[in-house]
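Engineer: Need the 3D shape of this:
(chains A and B)
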Protein chains: 2
Amino acid sequence: MDSFIIHGNFVHSKNRFVLEEINDMNLVVLNNKIDGFYKTIPECFKNLEYYDYSDKIIIPGLSDLHVHAPQYQFRGLWMDMELLPWLDRHTFPEESKYKNLDYANKAYDIFVEDLKKSATTRVCAFATIHEEATLALMKKLEAAGLSGFVGKVNTDRNAPDILIEESDVSIKNTLSYIEKSKEFKNIKPIITPRFIPTCSDYLLKELGKISKEYKLPVQSHLSENLSEIEWVKELVPQSKSYADAYNIFGLWGINKTVMAHCVYSYESELELLQNKNVFVAHCPDSNTNLTSGVARVTALLDSGVNVGLGSDIAGGEDISILSAMKNAIKVSKLNKRLSHNNDGSLLFPEAFYLATKMGGQFFGNVGAFIKGYDADIVVLDDSSIKTTLKSELTLKERLEQYVYLKSSDCVFAKFVKGRKIED
Amino acid sequence: MDSFIIHGNFVHSKNRFVLEEINDMNLVVLNNKIDGFYKTIPECFKNLEYYDYSDKIIIPGLSDLHVHAPQYQFRGLWMDMELLPWLDRHTFPEESKYKNLDYANKAYDIFVEDLKKSATTRVCAFATIHEEATLALMKKLEAAGLSGFVGKVNTDRNAPDILIEESDVSIKNTLSYIEKSKEFKNIKPIITPRFIPTCSDYLLKELGKISKEYKLPVQSHLSENLSEIEWVKELVPQSKSYADAYNIFGLWGINKTVMAHCVYSYESELELLQNKNVFVAHCPDSNTNLTSGVARVTALLDSGVNVGLGSDIAGGEDISILSAMKNAIKVSKLNKRLSHNNDGSLLFPEAFYLATKMGGQFFGNVGAFIKGYDADIVVLDDSSIKTTLKSELTLKERLEQYVYLKSSDCVFAKFVKGRKIED
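Structural biologist: Predicted coordinates:
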């Protein structure tokens, strides 16, 4: 159990619209949890380890609610395509390589190393269908000190042969990976049907049962692309919507559920998202790169839906959730100008809230400096930003400027569940 | 006069749609101009200085057709606003500081230092109304080895008192700055009415005359924001469009003319843009941040209009034109999905073409490795991008990945008009 003190200037979300600055304070972490802020360090804590980050910007750890680890090797490549051809041409061939554990080890080492240097402390990651490679990824993330969920992907139709499992093999391998992942403390399994088009009704129902029996969360994709939505209508004709297709197979709302994208969900799937308490993983970068559209985030938030951010590597090119914050704001502005739907644009405090306090709730009490919350803490160094205005800026302004200019930079320091991440 | 050889792998635009790779070649630069590629170095060039960039990506220098140098200090700040309130609240107060030459020197040192490290070799920059500070900026850019145009801004109405000149003072100071800038070799003056709202009819007419007499190019803003366009209609009721308002005062097409933004120009101002051979400075980042909209770049290109890219600091946050390339693609995709106007999205080779060969034409023969072109050359180092696929990627793919992932990084080396930029 780790206890320590961090001195410096802190920013976190009070609520959706308000960022709070806590300047020149000592944050006490006791047994991996946030204890509180102290102007002077109480006598009883005087012997704790002390980190001085006085000139830095200290924020809560960020949550990435949607990332495809095996797509990391081709991030930023082949961006002139939409979803379905892009899956066939690039994604499936790359993911099929993870059958080879040597390849998986090399590739996942690169992914985990970069994730470690980012501001992300929690992830909801897709691996591939391959059990061994999935467990290898979990092991590497655990060793790096990160926390979250990794899903062995399930696929029994509509993919290249090499990426299809027979339904019962898929189920058996899922049970096996759940069993073997008991050795990990901070990285847990999550039920991961790739998406409706690649999973038979039978497979989806069985996965729903496993989620219930093992009390496991569920992650998948929802209403990302117009052609995809049409396809789902054909595949599950008895469903009222794409969302309903998951729901009727018993996958929604048994345990925590996160659905990536939801670009077209506001209009027809809102009630199910609300009733089943589903988290939306908003992936602005990916939705832009794959010409999917813009999820109506402010409208979803106004309706009480939980929204977090996802990098969606490699639809999105950048593993940084600080970049996702910036891009969430940008696409919301273009949605406002081009869509004529009366949605407001996302303000900076709102984007920060999604990345921290709201997205963090998928993982428990994560994403704010509140007593009892897990001590996920990120330290940003903005000294490389040269400006004559530096001394006049508030900490919130320095944070905004950092997010806009340095979102892809390595963080200065990071703590996950009260453990300092070492290089 | 500089002559040298660069060995390595080169990419440039053959045309709007085609990127050409030239691998493992020697590029000979003679007297600051591109001579050509040689597989083996001819005997007569054996004594030339030789740079080996074999493992790098070598591209032509990039052109920034629209940047506000005095706004650089607040890049990435206060982004939750639209154009007109943003000008009043942040831009005008900051620009008024440049009356103080000490402040201008400090601030412009930061701007020029960062620009020097970027992939930009040519700029079309706005300074402020202040003659001394404008000349100081020109001097610093010249000393840094960069090339392009810097405009002393003209404003005689609708701005804070401290940023308004009397019309005749504005004209006198413009003539004075033109005269004094004769000392610079690579940085030249450009006629720079801020935009119609801040320039009286009289001032605009006189600036038109000066452009004609001194054979100077013209830069300004056009049809960026819907409120701005409405305002121009009121201010110049005799004009048929915002574009026409510049044209009737004799500012368009006498010499080279570049207009920033043109978000709403395709519909009503296309003919004037075509007939007057105006360059559009497309500023995707700024048009997103200020919720202005998306310029219809592919439609403009299809109509034969010249388009280059602009960082538009500080509407845009990033001085990198590599970022502008990436963002031009991204916003074109959202325009395609959200606008229902049948515009295609911008492909990677097209965005590269705007940043190099097409935008470069504003400055002469700039932006490609063609015999007789100015030797503007940029060397990018992608070694920090770790991927298992590296050895399989073509140079074009490595370039795309660099642009998506490392656009804000410092370049490895840069040559402007055949002169190597030194740290």
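Engineer: The closest residue to chain B within the stretch 1-150 of chain A in helix, strand or coil?
Structural biologist: Relative to chain B, the nearest point of the stretch 1-150 of chain A is residue A:76 (3.2 Å; Cβ to the nearest Cβ). Every C-beta, even on glycine, is put in place using the N, C-alpha and C of the backbone. Under DSSP: H, G, I helix; E, B strand; the rest coil, residue A:76 falls in the coil class.
Engineer: Surely it and residue B:407 touch.
Structural biologist: No. The pair residue A:76 / residue B:407 is not scored as a contact, 9.9 Å apart, by Cβ atoms under 8 Å.
Engineer: okay, those two: which has more neighbours?
Structural biologist: Between residue A:76 and residue B:407, counted using other Cβ atoms under 10 Å in any protein chain shown, residue A:76 has the larger neighbour count: 24 against 21.
Engineer: residues touching the more buried one, list them.
Structural biologist: Taking Cβ atoms under 8 Å, 6 or more residues apart in numbering or on different chains, we find residue A:76 in contact with A:314, A:317, B:385, B:400, B:401, B:402, B:403, B:404, B:405.
Engineer: any idea which helix or strand comes after the helix or strand containing the last one?
Structural biologist: For residue B:405, the element it lies in under DSSP states H and E is helix B:395-406. Moving toward the C-terminus from helix B:395-406, the first helix or strand encountered (DSSP H and E) is strand B:413-416.
Engineer: Partner strands of the helix or strand just after that following strand, with direction?
Structural biologist: Downstream of strand B:413-416, the next assigned helix or strand under DSSP H and E is strand B:419-420. If you go by DSSP bridges, strand B:419-420 pairs up with strand B:413-416 (antiparallel).
Engineer: what is the rounded mean pLDDT of the partner strand?
Structural biologist: In this model, strand B:413-416 has a mean pLDDT of 98.
Engineer: okay but residue A:304 is in contact with residue A:274, surely?
Structural biologist: Yes. Residue A:304 lies in contact with residue A:274 (Cβ under 8 Å); the separation is 5.9 Å.
Engineer: Only the buried subset of the contacts of residue A:76, as a ChimeraX command please.
Structural biologist: Per 16 or more other Cβ atoms under 10 Å in any protein chain shown, the buried members of the contacts of residue A:76 correspond to this ChimeraX selection:
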select /A:314,317 /B:385,400,401,402,403,404,405
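Engineer: any chance you could map the strands in the stretch 301-423 of chain A?
Structural biologist: For the stretch 301-423 of chain A, the strands defined by DSSP state E, counting those that start in this stretch occupy A:306-309, A:377-380, A:413-416, A:419-420.
Engineer: Deepest-packed of these, please.
Structural biologist: strand A:306-309 (a mean of 27; mean count of other Cβ atoms under 10 Å in any protein chain shown).
Engineer: Quick check: which helices or strands does that one pack against?
Structural biologist: Counting contacts by 3 or more Cβ pairs under 8 Å, 6 or more residues apart in numbering or on different chains; DSSP states H and E, strand A:306-309 packs against strand A:62-68, strand A:279-282, helix A:297-302, helix A:321-339, helix A:359-360.
Engineer: Check what contacts the shortest one and list those residues.
Structural biologist: It stands for helix A:359-360. A:60-63, A:65, A:122, A:279, A:307-309, A:366-368, A:376.
Engineer: Mind doing that once more with 7 Å?
Structural biologist: A:63, A:65, A:122, A:308, A:309, A:366, A:367 (Cβ atoms under 7 Å, 6 or more residues apart in numbering or on different chains).
Engineer: By neighbours, which of the residues you listed wins?
Structural biologist: residue A:65 (35 neighbours).
Engineer: Could you check the pLDDT of that one?
Structural biologist: Confidence at residue A:65, expressed as pLDDT, is 98.
Engineer: The closest residue to it other than its chain neighbours: neighbour count?
Structural biologist: Counting by Cβ to Cβ, 6 or more residues apart in numbering or on different chains, the nearest residue to residue A:65 once its immediate chain neighbours are dropped is residue A:281, at 3.6 Å. Counted with other Cβ under 10 Å, the neighbours of residue A:281 add up to 33.
Engineer: Next: residue A:179.
Structural biologist: For residue A:179, using other Cβ under 10 Å, the count is 11.
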